[in-house]
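A.B. asks: Here is my input; please provide its structure:
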Amino acid sequence: MFKVLFPKDKKVFKEVLVLSYPVVLSNISRVLMSIFDVAMVGRLGAEALAATGMGGMLVWAPMSIALGIRTAVQTVSSRRLGQKKEVESGTAFHNGLIMATVFGLPISLAGWLWAKDIVPLFLKDPLVIKFAIDYTTICFISIVFSVYSFVFVGFYNGVEKTKVHMTVTIVSNLINLYLNAALIYGSDGIRVFFEDVAPSFSFLSILWSWASFPALGVKGAAIATLIASIWMVAHYSFFLLQIV
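C.D. replies: Residues are numbered from 1 along each chain as shown. The predicted structure follows:
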C-alpha cells in the first residue's frame, strides 16, 4: 500500500507537481469564472440566462474542435524540447497559429454574419432568441482569439512554462469579471447588484466610479468575453517576447 500511495521517484514527482499545479489552478479559475458569469447574467431573468446558455453552447461547439490544435502543438513542441530541438518547438507553435487562423477566422466571420439565422433553429421564445442573437453575434468574434489562445497554451505547456498559462488565465478572468459587472449592470446598477448579492462587499462598487458604463445586459457579457479573449492573446504574446 505504501508503494502505491507514495511516489517511487521523488524527483520526478516534484517535477510533475511543479508543472501540473499551474494548470490545475487555471482550470479551477475557468470553472469559477463560468459560475460567476451564470450568476451575474442569471439575475437579469430566465430569458437572459437561457439565451447565454444556448449561445455559449453554440460558440463552444466550433471552439471544442480547435482543442485538437492545442493538443497537437503541445505534443510536438514538448517532443522537440525533449530532443533539444528548441527551434522546431517554435516551428510547431508557428504552424499552430496558421491552423488557428485557417480554422478560427472563417468561423468567427460566419458566426458574426449569420448568428441571426442560426440561433432561431435552436430556440422558440422570441425574447430569448433576441438575447441569444445579441450574445452569439459578439461571442462568435471571440472564437478566433480563443483558438489563438489554445495554440499559446499548447506551446507554453509543451515547453514546460505552465505558469504562463496560469497567470494569463487568472488575469483574463479577473478582467472578464470586472467588465461583466460594469457592462451587464451599468455604472448605476453596480451598487444595487452588490447590495442585493453581497452587502458587505458593496464598497467594491467604487472600482467602477471612475467612468460611466451603460447597462447592456446580455450584450455586455458578450463584450466582456470578447475583450478578455483579446487580452489573453496580447498577454500570451508579451510572455513570448520574453522567451525570445
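A.B. asks: so where is this structure shaky, pLDDT-wise?
C.D. replies: 1-10, 30-31, 34, 243-244 (pLDDT under 70).
A.B. asks: in it, which spans are helices?
C.D. replies: All helices of the chain, identified by DSSP state H, fall at 2-5, 10-42, 46-65, 67-82, 86-118, 126-158, 162-185, 190-197, 218-243.
A.B. asks: Just want the angle from the fifth one to helix 67-82.
C.D. replies: If I follow you right, that is helix 86-118. Per axes from the mean of the first three to the mean of the last three Cα atoms, to 10 degrees, the angle that helix 86-118 makes with helix 67-82 is 170 degrees.
A.B. asks: Show me which positions of helix 86-118 end up buried.
C.D. replies: Residues of helix 86-118 classed as buried: 89-90, 92-93, 96-97, 99-100, 103-104, 107-108, 111, 115, 118 (neighbour count, 16 or more other Cβ atoms under 10 Å). Bear in mind the C-beta positions are built from the backbone N, C-alpha and C, glycine included.
A.B. asks: related to what we said a few turns ago, out of the helices of the chain, which one sits most buried?
C.D. replies: helix 126-158 (a mean of 24; mean count of other Cβ atoms under 10 Å).
A.B. asks: Which other helices and strands does that helix contact?
C.D. replies: Contact analysis of helix 126-158 by 3 or more Cβ pairs under 8 Å, 6 or more residues apart in numbering; DSSP states H and E lists helix 46-65, helix 67-82, helix 86-118, helix 162-185, helix 218-243 as its packing neighbours.
A.B. asks: So which of these is nearest residue 15?
C.D. replies: Smallest distance to residue 15 across the helices and strands packed on helix 126-158 (Cβ to Cβ): 11.4 Å, for helix 162-185.
A.B. asks: hmm, back to that, out of the helices and strands packed on helix 126-158, which gets nearest to residue 199?
C.D. replies: Nearest to residue 199, of all the helices and strands packed on helix 126-158, is helix 162-185, at 15.5 Å by Cβ to Cβ.
A.B. asks: and that closest one, what does it pack onto?
C.D. replies: Applying 3+ Cβ pairs under 8 Å, 6+ apart, one finds that helix 162-185 contacts helix 10-42, helix 126-158, helix 190-197, helix 218-243.
A.B. asks: which stretch among these comes nearest residue 69?
C.D. replies: helix 126-158 (6.0 Å).
A.B. asks: still on that earlier bit, looking at the helices of the chain, which is closest to residue 206?
C.D. replies: helix 190-197 (9.1 Å).
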